[in-house]
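[1] sequence first, predicted coordinates after that:
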Amino acid sequence: MNNNLYTQSSRQYNITAMYIREKAFRNKDGSIRTYLQLVETTREDGKVHQRVICNLGRLEELQQGGQLERLTEALSRYTNLKLVKDEALKIKPGQDKEWGPSLVFRSLWQELGLDSVIDRLVDRSAIEFNIDAALFAMTLNRLEDPFSKLGVSKWAPTVHYPAFSTLELQHYYRSLDWLAEHKDIIEQHLFERVRDLFHLKLDLVFWDTTSTYFEGTGPEALAKYGHSKDHRPDRVQIVIGLLMTQEGIPVAHEIFPGNMNDVKSFAKALGIVKQRFSIEKIILVGDRGMVSAPLLEEIENQKLEYVVGVRMRKMRSMDDVLSRRGRYHEVRPNLKVKEVKHENDRYIVCFNPEEAVYDRQSREQMTKKLDTKLKEGGIKSLVGNSGYRRFLSVSGSAIAIDQQTVNNEERYDGKYVLKTNNQLLTPEEIALAYKDLWRVERAFREMKSGLDLRPIYHWKDSRVRGHVMICFLAFLLESTFRKRCQEKEITVPYNDLMLDLKQVRAFELNLNDKRYLLRSALYGKSYEAFRAVGLRPPSEVTEMP
């Protein structure tokens, strides 16, 4: 009957609300009797009207014998809302937490044996907290969204990794001190582990340096003013050298005072490499900034081999090297090489035809611009520009284009020259090895931007070294992950995989006095990340002890 009334009224009126109303009546003896009414509020012709749909009965009588509860239960059959609320009262959900990245990168952490080497070293000490968890938390945070150590202590509880909940801020700082103390042992372990995992031939390694600055004074022994590759000469800094395999896997790093130049750091690195890593033969690959006669002599004294780029315009012998006749051999469509011997030194001249066209066109545009500027009288701006100045001849107040210099520049078009003391690698192998140096350069970009290496706020020597080591470990995990994706032919961009992984969440719930762990759906391409490391995603529902 009530359903029919509701249907009829909804056809006749514009219903705006429906509610339960108490209606009180005074008896002759002065007592009050109260009735419950189901009332409908409608709007008709712009005016609000109230209409009693039905009288539910006298309140005092409904409250006796559970009649009101039975009426409510009967009405609830026609809606899901109460059922949902009743079931929800049985469930006590916990906070949802990020789960995906910790699963994937913990798998790699263990594959590299970091957990085992840390546990082995901790067993020799009296450390009472979970240092492995602290180091993993800081490394994982570098990979995701780098924070300060204070920020890590607040971020870690938002990740589903039970051991993180036992950590305090002091544990992160103490872990940095411990990591700095055991850096060499851990890197030695990683060097051997990486070689075995990827079946690498570690006879060819890459070395490069960068600088990163401090906010504040920094540790006195390390923080020095020097040539800043961050273009912050107003800040004290450190110099960091990175050693990588040809496949782009970092195996070691060193920290030097901020006033040490590339040549000195490279020379020092030679001794470190020889002392720490048992490699019978090693070829160091470095960029043009490394070249100097004393440095190359030191490398040979250490009985090591090298492949380095040379600064063509600053070497006196370069005219003879570039003018030497010989046939180029094609390595790739945009790379041709030929070998030149000069005064017992071995040079590899590399030529890129596409780059040669670009260099020629750029030079022609530059000379046209120079000619226009000279005719317009813009002499001061030309002389003050170092890029233009070398193509000008100045005689008194007369300035003209030095055509001989312009013509001489043609021999450098599309070319770069390498020097090596290795006699076994072919010119093609040497050229390709040098091209792989970009991996080291990319490594520094990743460490300084994506892994947020700079700026450094620590002032203790051990904290600085520990911080850089954390960045090194993060880059090692990322490189290993990229390598695994390449092996499984997974082409999803790394950043996209990371974003999808972060959407894989976990939350705990209590239901009927039992605890469960629930996993969210695998978002986007996150399954590919699990496949890359050979890890099966957790079940959607797991009963917890």
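    Thanks, I have the structure now.

[2] what is the neighbour count of Gln188?
    16 (other C-beta atoms under 10 Å). Heads up, the C-betas are built off the backbone N, CA and C, glycines and all.

[3] my error: substitute Met469 in the last question.
    22.

[4] just how off-centre is the longest helix anywhere in the chain within its chain?
    Assignment by DSSP state H gives helix 461-487 as the longest helix of the chain. Its chain's C-alpha centre and that of helix 461-487 lie 9 Å apart, by C-alpha atoms, centre = their mean, to the nearest Å.

[5] buried residues, the following helix or strand past that helix. List them.
    Using DSSP states H and E, the helix or strand that follows helix 461-487 in sequence is helix 494-502. For helix 494-502, a neighbour-count test (16 or more other C-beta atoms under 10 Å) marks 497-498, 500-502 as buried.

[6] name the element Leu518 belongs to?
    Counting by DSSP H and E, Leu518 is part of strand 514-519.

[7] repeat for Ser116
    helix 114-122.

[8] average pLDDT for the next helix or strand after that helix?
    Moving toward the C-terminus from helix 114-122, the next helix or strand (DSSP H and E) is helix 131-144. The average pLDDT within helix 131-144 is 94.

[9] immediately after helix 131-144, which helix or strand?
    helix 149-155.

[10] what is the next helix or strand after that next one packed up against?
    Counting by DSSP H and E, the next helix or strand C-terminal to helix 149-155 is helix 169-181. Counting contacts by 3 or more C-beta pairs under 8 Å, 6 or more residues apart in numbering; DSSP states H and E, helix 169-181 is packed against helix 131-144, helix 149-155, helix 461-487.

[11] how about low-confidence regions in the chain?
    1-16, 76-94, 200-204, 262-267, 269-274, 278-282, 289-291, 377-389, 396-397, 438-458 (pLDDT under 70).

[12] elements contacting the longest helix of the chain?
    helix 100-111, helix 131-144, helix 169-181, helix 183-198, strand 237-245, strand 250-257, helix 494-502, helix 526-532.

[13] can you give me the buried ones in that helix?
    Buried-residue list, helix 461-487, by 16+ other C-beta under 10 Å: 461-485.

[14] need the helices and strands packed on helix 169-181 in JSON lines (columns: distance to Val307).
    As requested, the helices and strands packed on helix 169-181 are exported to JSON lines (distance: least, C-beta to C-beta, whole Å):
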{"stretch": "helix 131-144", "distance to Val307": "31"}
{"stretch": "helix 149-155", "distance to Val307": "40"}
{"stretch": "helix 461-487", "distance to Val307": "22"}
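
[15] which among those helices is found nearest to Val251?
    helix 461-487 (8.3 Å; C-beta to C-beta).

[16] among the helices and strands packed on helix 461-487, which comes closest to Gln302?
    Comparing those by C-beta to C-beta, strand 237-245 comes nearest, at 14.8 Å.

[17] what angle separates that closest one from strand 250-257?
    For strand 237-245 against strand 250-257, the angle by axes from the mean of the first three to the mean of the last three C-alpha atoms, to 10 degrees is 160 degrees.

[18] ok now strand 237-245, how far from the chain's centre?
    18 Å.

[19] list the buried ones in stretch 420-431?
    420-421, 425, 427-431.

[20] tell me which entries of these lie within helices.
    427-431.

[21] who touches the helix holding Ser116?
    109-110, 131-132, 135-136, 182, 185-186, 189-190, 473 (C-beta atoms under 8 Å, 6 or more residues apart in numbering).

[22] which of the three states applies to Ala24?
    When classified by DSSP: H, G, I helix; E, B strand; the rest coil, Ala24 comes out as strand.

[23] could you look up the SS state of the closest residue to it other than its chain neighbours?
    Excluding its sequence neighbours, the residue lying closest to Ala24 (C-beta to C-beta, 6 or more residues apart in numbering) is Thr34, at 5.0 Å. Classification of Thr34 using three-state DSSP returns strand.

[24] residues in contact with Thr34?
    22-25, 58-60.

[25] what's the answer for Val239, then?
    Counting by C-beta under 8 Å, 6+ apart, Val239 has contacts 209-211, 226, 255-258, 260, 265.

[26] beta partners for it?
    Ser211, Phe256 (DSSP bridges).

[27] which ones are touching Tyr523?
    Contacts of Tyr523 by C-beta under 8 Å, 6+ apart are 500, 503-504.

[28] in a markdown table, list the residues you listed along with distance to Val331.
    Formatted as a markdown table, these follow (distance: C-beta to C-beta, whole Å):
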| residue | distance to Val331 |
| --- | --- |
| Asp500 | 38 |
| Gln503 | 43 |
| Val504 | 43 |
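
[29] the domain parsing of this structure - what is it?
    2-78, 354-412 (automatic domain parsing).

[30] with distance to Arg316 added, can I get the ones you listed in TSV?
    Formatted as TSV, the domains of the chain follow (distance: least, C-beta to C-beta, whole Å):
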stretch	distance to Arg316
domain 2-78	95
domain 354-412	14
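
[31] so which of those domains is nearest Ser148?
    domain 354-412 (40.3 Å).

[32] first-to-last residue distance for the closest one?
    End-to-end distance of domain 354-412 (C-alpha to C-alpha, to the nearest Å): 13 Å.
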